[in-house]
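Novice: Fold the following, please.
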Amino acid sequence: MSTVFRLLLLAGLLVCAVATALVKKPLRAVIIYMAYSIIMSVIWILLEAPDLALTEAAVGAGITGILFFLTLRRIDRIDRDADVEETQGEEEPHEENEATR
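Specialist: Residues are numbered from 1 along each chain as shown. Modelled structure (predicted):
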């Protein structure tokens, strides 16, 4: 049972690592990265390193995940503000002259 569980953890770790690199949307990549950190935390517990497990869970999934979410939110806000400025900066379409027809 223990060997099967360890192999499942290893497979989950590999899937998360590959999926994080291949996913297109940054939000999904962050969520998958957090899952990777949680799986790695469980592996550290199985390796009898509770200090590393706690650090991985707190820093890897916790603080780093929050920082990634805040960064994505900030980037989205900057993009939305840029779109608003572009639409305000555009002039209204001019009527065509008879000479340009």
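
Novice: Three-state assignment for Lys24, please.
Specialist: Recorded secondary structure, Lys24: coil (DSSP: H, G, I helix; E, B strand; the rest coil).

Novice: which residues touch the residue nearest the centre of the chain?
Specialist: With distances taken as C-alpha atoms, centre = their mean, the residue of the chain nearest its centroid is Val30 (2.2 Å). When contacts are counted by C-beta atoms under 8 Å, 6 or more residues apart in numbering, Val30 touches 65, 68-69, 72. Every C-beta, even on glycine, is put in place using the N, C-alpha and C of the backbone.

Novice: so how far is the one helix or strand it maps to from its chain's centroid?
Specialist: Using DSSP states H and E, Val30 sits in helix 26-46. Taking the mean of its C-alpha atoms, helix 26-46 sits 11 Å from the chain's own mean (C-alpha atoms, centre = their mean, to the nearest Å).

Novice: Can you add neighbour count, pLDDT and secondary structure and give the contacts of Val30 back as CSV?
Specialist: Output for the contacts of Val30, formatted as CSV (neighbours: other C-beta atoms under 10 Å; pLDDT from 0 to 100; DSSP: H, G, I helix; E, B strand; the rest coil):
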residue, neighbour count, pLDDT, secondary structure
Gly65, 18, 88, helix
Phe68, 17, 88, helix
Phe69, 15, 87, helix
Leu72, 15, 86, helix
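
Novice: List the buried residues in stretch 48-55.
Specialist: Neighbour counts over stretch 48-55 (16 or more other C-beta atoms under 10 Å) mark Ala53 as buried.

Novice: average pLDDT for that stretch?
Specialist: Per-region confidence: stretch 48-55 scores 92 on mean pLDDT.

Novice: Only alpha carbons, please: show that stretch as PDB.
Specialist: Extracted in PDB, the C-alpha atoms of stretch 48-55 (Å, rounded to 0.1, in the frame of the first residue of the first chain):
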ATOM      1  CA  GLU A  48      10.400  12.100   7.700                       C
ATOM      2  CA  ALA A  49      11.400  15.700   7.200                       C
ATOM      3  CA  PRO A  50       8.500  17.600   8.900                       C
ATOM      4  CA  ASP A  51      10.500  20.900   9.000                       C
ATOM      5  CA  LEU A  52      10.800  20.800   5.200                       C
ATOM      6  CA  ALA A  53       7.200  19.700   4.800                       C
ATOM      7  CA  LEU A  54       6.000  22.600   6.900                       C
ATOM      8  CA  THR A  55       8.200  25.100   5.000                       C
END
